[in-house]
Each structure stands twice: as structure tokens, then as C-alpha cells.
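S.K.: Fold the following.
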Amino acid sequence: MALQPFLPGPMARLDARRNRRFLVLFLPHWPTDYLKRRNPALKGPMALFERIKGGLRLAALDTEAMREGLRLGQNLADARAILPSLTVEELDRPMLTAAFEDFADWHSNASPMVAVMPDASPYGDLVLDITGVDHLFGGEAKMLRTLLTRLRALGYTVAGAIAPTIGAAWAVSHFARSQIVANDTLVPLLDSLPVRALRLNQNQIATLAQMGLTTIGSLRERSRKSLQARFGQSLLIRLDQAFGEIEERMTPRLPQADYIVERRFADPIALMDDVLATAHDLAVQLGCTLEQENLGAQSFHLFLYRVDHKVMTLSLNSARLTRDPSHITDLFRHHAQRLEAEYDAGFGIDMVRLAASSIDRMDAVQMGAFATASGEEDVSRLLDRIGSRLGVDAVLRSEMLASHIPERAARLVSAMATPAQSQLPPGLPRRQRPLRLLPAPEPVAINAEVPDGLPASMIWRRETYRLVKGAGPERLGAEWWRSGERLKLVPPPRPKPVEPGETPRPAPYEPELEPFDPEAKTRDYYVVEDEEGRRFWVFRLGFYGGPTPPRWYLHGFFP
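M.R.: Here you go, the predicted model:
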């Protein structure tokens, strides 16, 4: 039986997937172009080297150096012998990677969805989802020309392509230079490109060359089963992604927003007051748009695009859905006061964008004489303002949990978080609990007239309290199913990578509580009162007459 060559699926399915359009920008000499732009004193052919296995190897070259015959991976001494006038600097990968990420964020002024493609290098390739965006530039051709022209004017060597898939746009920008790929020309164009255009690794490319498969078209004529057996699934995935058989998802660097309004300036602005005034105008436009569709938002993002190709991002959340322009502006104003020392407009801001996400339905409410003011909205706005000024973690509230162990029955969560459903089982009787509970019970000395009687006196922190009243006991057993767990006053924070030179800091409001002991004895709680009317919550761990004497602890205070 003859093997059938691989062909794309039905055209109807491909057309449905090719409704999206992607633009890939290829900057082959971005490291050297960026350093030359940042330091105009760097002239002539330039190369960046890095230390690899005890030697100095070329890691980046500019156009002039490559024109002179230098190549990546070449020994630095050999490169200097070939080209004595070569300007050489050591490669700083973390700095260049961070700079390229800022450079990528700046391109969100062309499309809100921008991502870095680290397939070949952590810097050098950008992908923009331009679906429904190109009309702002007058079409795809004018958009591609605009982006390439402004980058070349800044001194960058760049090529770009627009295609229905990310893989096709990457392949064309690297091996067919700047052009726009239509749906009907995708297959013949990709078939003519070398197999390197599929973003394969070096071993796969070398093996394909030994087999005589140099173009994508010749590769597609082979059986998929034999290719999978020889190269694994990764080659077929890259092939299907390029032709649109498999959807390749991008991860935008900036948060995706459902609604966006923006304003561009003929002359850049720099003052924070001007930025906040612009934010208020944009909030009015955004509020009108949301009101027309009976919607509200909880997350708002302010993007400040500087003329030096950097973006400052300010994101915040509200405690409840809102579309009130004044409230949105107040949130940014209070947050800006915290960041005033870090605010740097550079050479000016030429565009401000306001975006909203976490959208949900929000019906209109009566604001006149028949409105009922419950105070909940005022409390939510107060929490928003405090959180914007002091930080989200500065305002906490208690959340009840399903546990009969007092220190486990509640935890602290952000007051701006959405209130969760109570975890208490229905019908559970409400017990009398102190208003103030110690994070961890503290040992005390208790004297009683009879061993199992009510406490008569207590010594806590070297001070004696004579107890005149008491009630109890309330018996609580250990939770055997929580073996080895550590008591948590707050939910565990999300792990964050530690920057070089930074000392890791513990999360706020996270005390060092003891691990829970599943073998702990039964607790007997008592409510006691001293001569001055102070009421305490104490408990006895264990029983008299057992193998070990019982221990007493103070756990809380009643008002």
C-alpha cells in the first residue's frame, strides 16, 4: 500500500482557524543595535562575547561585523585577528532580556496582545495578535510598513511578516523577509522555505539534511508515522502549528483587557497631574461604554507609553463592580501617591491607555430620592481607597472556616477579596468565643480548690490573677485528620522569584505557629473572670490522674 503524503486538513477547518492574523517582528541584531542606540559613542563593527567553557565566544554581531565575515560562536581572538577595528563588549543577558521585555511592552501601542518568542533567543522576536486591529492603521500593509519604518528610523535592523498562524509569520519573517501572507498562498509559500523555518532544534535540522529533506515541502511528502518514529512528536507539532492544523497560543506580557480607551498626544506630557487628568477623561469614556452595555469592572489598568520606548503599568482592583469615573480616578490618584517617588516620565509620555478587565453584568441603580443606602457601597469604596494608598495586604478581614479548633476556625484574607461562602456546616450551634484570640495559646499556672473544679487563681506572664467566677468546661477533641499540618493564620502566599541580591522576606501576618499535633489530648475550655472584671478564656490539656500531669493555657480575652 502506498503511503499517503501529509496534507493540510479540510479547507473549511483551515479557513475557520485562519480568521486570526499575527504579525512577527524579527530583529536579528537587536542586542548590538540597542547598545549603539543607548551609547552613541559605539561606532563601527561591533560584537558581544560571552564566556563559554573557559573561552570567549561571539554571542551577538551587528550587520557590519557579519559583512566582514565574522560568525556567531567564533573565538574572540580569531575575530579580532580578522577585524582589528572590531568594537567588543561582554554580553549582559539579564540586562538585555529585561530591556527587550520593556521594548516588547512598548509595542502594545500597536496591538494589546504582544508576546516575546524565545524559540531562538530570549530577545529578537516579537509576535503581535493584530486580529481586528489593522484597520486603525489603514490595513495590514500600512500597519506593517508603519511598524517597520519607525523601528528602522530608530536604528534597528528589522523584518516582519503577517500570516494566519504564528509559525507561518515567524518562518516568513526569518526566511522570506517582509511580506503579507494570505490564506490561499500560505501552503505554497511555506513549502518553498527551508526546514529551519519550523523552529526545530539543531539535531533535527542536521538529521533532516542528511536525509536530503531541505524544504518544508519535501518534508510534508513523507509519512507522518515515519517522521514521528524518527524525530518524535515535536516536529509534527511545529509542522501542524505552521499550517494551522494545531492552534498555537501566545502568552501576552501585559494583562488582557476587555475594554480599552486611549489618548495620543502631539506633544508628550510629563507631570503626574496631567496623567491623572487624562486618566479621568478616559475613565469617563470607559464608564459610558460600560454603562451602555450594563456592565461593570473590578480590574483597571493604566498604561503610560514613554517616547523612549518604555511602558509604565499601573494595575489595581476594586472591592466590587464599578463604572463610576470619579471612583476609578480616585483609585489611581491614591495609588499614584504611593508610587510618586518611583514615577519617571523620561522624555515624556505620548500615549495613555486605560483598560478594564474582570467584566460582569451591572444593572443600573436608582440614585434619586427613592434609593436605599445600605452603606455597603461606602464601605467598599473606603476599602478601595485604603488599599490603593497603603496596599492590598494592609487591609484584612476574618474569614470563618469549618473547624472546631479555635485557632483554625478563622483566617485573615484581603478585605478587597470577594467574600467566600461560609465553610461552616448548616445547623452548627454558635459557641461563645472571645473577641481577641492569641495567635498561639500561652502557658499559664492554674490553681483550683479541687483537681477538676473551676480555676481559682492564674499566673500569666509573672502576674497573678485571682479568679472569682468561672464557667465550663467546654470539651474539644483533636482533629486527627490534620496530621502534621502547620497552623495557618493567613493563606500561603504565591511564591515569587527572588531577584539577584534580594533577601527573601516572609509574608506579612504569617506568625511562626507550631505544627499541629494529632496526638494532642482533649481540651477543656473555661471562661473565668478576675476581681477587676477581666474575662479570660483558658483551657486544660489532659486530665488529672493520667500518666502525665495536665497543662493549662491562656487562649483569648473577652471584652
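S.K.: low-scoring stretches of the stretch 401-550 of the chain, by residue?
M.R.: Applying pLDDT under 70 to the stretch 401-550 of the chain flags the ranges 416-431, 480-521.
S.K.: cool, the chain as well?
M.R.: Across the chain, the ranges flagged by pLDDT under 70 are 1-18, 338, 341, 365-378, 387-394, 416-431, 480-521.
S.K.: Past the top helix by length along it, which element shows up next along the chain?
M.R.: Counting residues, the longest helix found in the chain (DSSP state H) is helix 272-292. The C-terminal neighbour of helix 272-292 among helices and strands, as given by DSSP states H and E, is strand 295-306.
S.K.: In terms of secondary structure, what does the next helix-or-strand element following that following strand contact?
M.R.: Later in the chain than strand 295-306, the nearest helix or strand by DSSP H and E is strand 311-322. Here strand 311-322 touches helix 93-106, strand 295-306, helix 325-338, helix 376-390, going by 3 or more CB pairs under 8 Å, 6 or more residues apart in numbering; DSSP states H and E. C-beta: built from backbone N, CA, C; applies to glycine.
S.K.: repeat that for 6 Å
M.R.: Counting contacts by 3 or more CB pairs under 6 Å, 6 or more residues apart in numbering; DSSP states H and E, strand 311-322 is packed against strand 295-306, helix 376-390.
S.K.: helix or strand for Ala440, which one?
M.R.: strand 436-448.
S.K.: Run me through the strand neighbours of that strand, direction for each.
M.R.: With DSSP bridges as the test, strand 436-448 is paired with strand 455-460 (antiparallel), strand 551-558 (antiparallel).
S.K.: before we move on, the earlier item: hey, which of the helices and strands packed on strand 311-322 is tucked in deepest?
M.R.: Highest mean neighbour count of those: strand 295-306, a mean of 21 (counted as mean count of other CB atoms under 10 Å).
S.K.: and the angle from that strand to helix 272-292?
M.R.: Relative orientation of strand 295-306 versus helix 272-292 (axes from the mean of the first three to the mean of the last three CA atoms, to 10 degrees): 150 degrees.
S.K.: Okay, now the sheet partners of strand 295-306, with direction.
M.R.: strand 311-322 (antiparallel), strand 349-361 (antiparallel).
S.K.: contacts for the longest one?
M.R.: If you take CB atoms under 6 Å, 6 or more residues apart in numbering as the criterion, strand 349-361 is touched by 109, 257-265, 268-269, 278, 282, 286, 295, 297-307, 321.
S.K.: what's the answer for the first one, then?
M.R.: Identification of contacts with strand 311-322 by CB under 6 Å, 6+ apart yields 105-106, 296, 298-305, 331, 335, 360, 362, 380, 383-384, 388, 416.
S.K.: Just the C-alpha atoms of that strand, please, in PDB.
M.R.: Extracted in PDB, the C-alpha atoms of strand 311-322 (Å, rounded to 0.1, in the frame of the first residue of the first chain):
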ATOM      1  CA  VAL A 311       5.800  51.400  29.300                       C
ATOM      2  CA  MET A 312       4.800  52.100  32.800                       C
ATOM      3  CA  THR A 313       1.900  49.900  34.000                       C
ATOM      4  CA  LEU A 314      -0.400  50.700  36.900                       C
ATOM      5  CA  SER A 315      -3.000  48.000  37.800                       C
ATOM      6  CA  LEU A 316      -5.500  47.900  40.600                       C
ATOM      7  CA  ASN A 317      -8.700  46.200  41.700                       C
ATOM      8  CA  SER A 318     -11.900  47.400  43.300                       C
ATOM      9  CA  ALA A 319     -13.800  45.600  46.000                       C
ATOM     10  CA  ARG A 320     -16.900  45.500  43.900                       C
ATOM     11  CA  LEU A 321     -18.000  46.100  40.300                       C
ATOM     12  CA  THR A 322     -17.900  49.800  39.300                       C
END
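S.K.: Report the buried residues of it.
M.R.: Residues of strand 311-322 classed as buried: Val311, Met312, Leu314, Leu316, Asn317, Ser318, Ala319, Arg320, Leu321, Thr322 (neighbour count, 16 or more other CB atoms under 10 Å).
S.K.: and what of the last one?
M.R.: Of the residues in strand 349-361, those with enough neighbours to count as buried (16+ other CB under 10 Å) are Ile349, Asp350, Met351, Val352, Arg353, Leu354, Ala355, Ala356, Ser357, Ile359.
S.K.: Turn the residues you listed into TSV, columns for distance to Gly556.
M.R.: TSV is the format used below for the buried residues of strand 349-361 (distance: CB to CB, whole Å):
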residue	distance to Gly556
Ile349	53
Asp350	58
Met351	55
Val352	51
Arg353	50
Leu354	47
Ala355	46
Ala356	44
Ser357	42
Ile359	43
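S.K.: Which one of these is nearest to Gly155?
M.R.: Asp350 (18.7 Å; CB to CB).
S.K.: From Phe100, how far out is that closest one?
M.R.: Note on Asp350: its distance to Phe100, by CB to CB, to the nearest Å, is 21 Å.
S.K.: next one: phi and psi at the residue lying closest to Glu90 once chain neighbours are set aside?
M.R.: Once flanking residues are discounted, Glu90 sits nearest to Phe49: 6.1 Å by CB to CB, 6 or more residues apart in numbering. When quoted as degrees, to the nearest 10, the phi and psi of Phe49 stand at phi -120, psi 160.
S.K.: What residues does Phe49 make contact with?
M.R.: Contacts of Phe49 by CB under 6 Å, 6+ apart are Leu56, Leu58, Leu76.
S.K.: In strands only, show me those residues.
M.R.: Leu56, Leu58 (DSSP state E).
S.K.: a markdown table for the contacts of Phe49, including neighbour count and distance to Thr157?
M.R.: What follows is these, written out as a markdown table (neighbours: other CB atoms under 10 Å; distance: CB to CB, whole Å):
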| residue | neighbour count | distance to Thr157 |
| --- | --- | --- |
| Leu56 | 17 | 24 |
| Leu58 | 22 | 17 |
| Leu76 | 19 | 22 |
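S.K.: Closest one of the contacts of Phe49 to Leu208?
M.R.: Lowest distance from Leu208 to the contacts of Phe49 (CB to CB) belongs to Leu58, with 26.3 Å.
S.K.: correct me, but that closest one touches Gln74?
M.R.: Yes - applying CB atoms under 6 Å as the test, Leu58 and Gln74 come out as touching, 4.8 Å apart.
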